[in-house]
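Peer 1: Using only what follows, build the 3D model:
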Amino acid sequence: MNFAVLVFPGSNCDIDCFKAVEQTIGQPVEYVWHTTTDLSKYDAILVPGGFSYGDYLRCGAISRFAPVMNEVVKAAEQGKFVLGICNGFQILLESGLLPGAMLRNKSLKFRCHSAQLRVENNGNPFTTQYAEGELIDIPIAHGEGNYYCDDATLAELKANNQIVFRYNGENPNGSVDDIAGISNKQGNVVGMMPHPERAVDQLLGSEDGKRMFTSILNAWREKHGAAVVR
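Peer 2: Residues are numbered from 1 along each chain as shown. Next comes the predicted model:
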């Protein structure tokens, strides 16, 4: 399974994503620069966190127009797996691959600490190795993670089981309905503010993020008739 880790000017979690793939599931992974115009060789695309283009205008607003994002849209339409983390989530929202928008944290402060999430949908390709309702510890690091959508969109997210993660207990940013991560209707595109790539080893304080990577590997293997990872 071939993974691409996108790199924009200002990305700072690309190495974390690369290492998470390399060390947790041992699959081929490459950095892909934002000017790339061909993603055909990749089965999964990771859009990492950071401050792409310095977060000018608003988070993800400039990255949305990078040449590589046209290819990400095509890949998503082909059913390939796309995961946007933190700034990557913001970029997917700006690109229209996921519904809604991102606002400043309600506290107007940057929050950087471990957060407890509740797995709302374990039928998603990224979450099959979790139990529905399971509580997991995944760190956050953002100043604009306050997910917002209107009532009609929220009702649609609920009806289609597109809410993948919610914050359990404290909501660190004020996001609507405690949302921490969502998917598109097909389930192959996921965006989340917490950083699973920073929770793949107990030395980091949690290894609860590791199963996101093993889940997506299993989803790809099942799709291609290969043995899954237990």
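Peer 1: Can you measure across stretch 93-106, start residue to end residue?
Peer 2: Start and end residues of stretch 93-106 are separated by 19 Å (C-alpha to C-alpha, to the nearest Å).
Peer 1: Relative to the whole chain's centre, how far out is it?
Peer 2: Computed by C-alpha atoms, centre = their mean, to the nearest Å, the chain-centroid distance of stretch 93-106 equals 13 Å.
Peer 1: for it, what is the average pLDDT?
Peer 2: Average pLDDT, stretch 93-106: 97.
Peer 1: Buried residues of that stretch, list them for me.
Peer 2: L93, E94, S95, L97, L98, P99, G100, A101, M102, L103, R104, N105 (16 or more other C-beta atoms under 10 Å). Where C-beta positions appear, they are placed from N, C-alpha and C, glycine not excepted.
Peer 1: quick one, what contacts G50?
Peer 2: Neighbouring residues of G50 by C-beta atoms under 8 Å, 6 or more residues apart in numbering: F8, G10, S11, N12, C13, D14, C86, N87.
Peer 1: how many other residues sit next to the second one?
Peer 2: If you count neighbours by other C-beta atoms under 10 Å, G10 ends up with 16.
Peer 1: Give the buried residues for the biggest helix by length in the chain.
Peer 2: For the chain, the longest helix by residue count, based on DSSP state H, is helix 210-223. By 16+ other C-beta under 10 Å, the buried positions in helix 210-223 come out as K210, R211, M212, F213, T214, S215, I216, L217, N218, A219, W220.
Peer 1: what do you get for stretch 123-136?
Peer 2: Buried, per 16+ other C-beta under 10 Å, within stretch 123-136: N124, P125, F126, T127, T128, Q129, Y130, I136.
Peer 1: Dump the buried residues of helix 210-223 to TSV, plus pLDDT and distance to M192.
Peer 2: TSV is the format used below for the buried residues of helix 210-223 (pLDDT from 0 to 100; distance: C-beta to C-beta, whole Å):
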residue	pLDDT	distance to M192
K210	97	15
R211	97	14
M212	97	9
F213	97	13
T214	97	17
S215	97	13
I216	97	13
L217	97	18
N218	95	19
A219	95	16
W220	96	19
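Peer 1: what's stretch 196-216 in contact with?
Peer 2: So stretch 196-216 is contacted by 13, 16-17, 19-21, 23-25, 44, 46, 48, 81, 83, 85, 114, 125-130, 136-139, 195, 229 (C-beta under 8 Å, 6+ apart).
Peer 1: Buried only: go through the residues you listed for me.
Peer 2: Here, 16+ other C-beta under 10 Å leaves 13, 16-17, 20-21, 24-25, 44, 46, 48, 81, 83, 85, 125-130, 136-139, 195 buried among the contacts of stretch 196-216.
Peer 1: which residues sit in contact with A219?
Peer 2: Contacts of A219 by C-beta under 8 Å, 6+ apart are F81, P125, F126, T128.
Peer 1: Distance check, the third one against F165.
Peer 2: Pointing back at F126 there. Distance, F126 to F165, using C-beta to C-beta, to the nearest Å: 10 Å.
Peer 1: The second one now?
Peer 2: As defined by C-beta to C-beta, P125 lies at a distance of 14 Å from F165.
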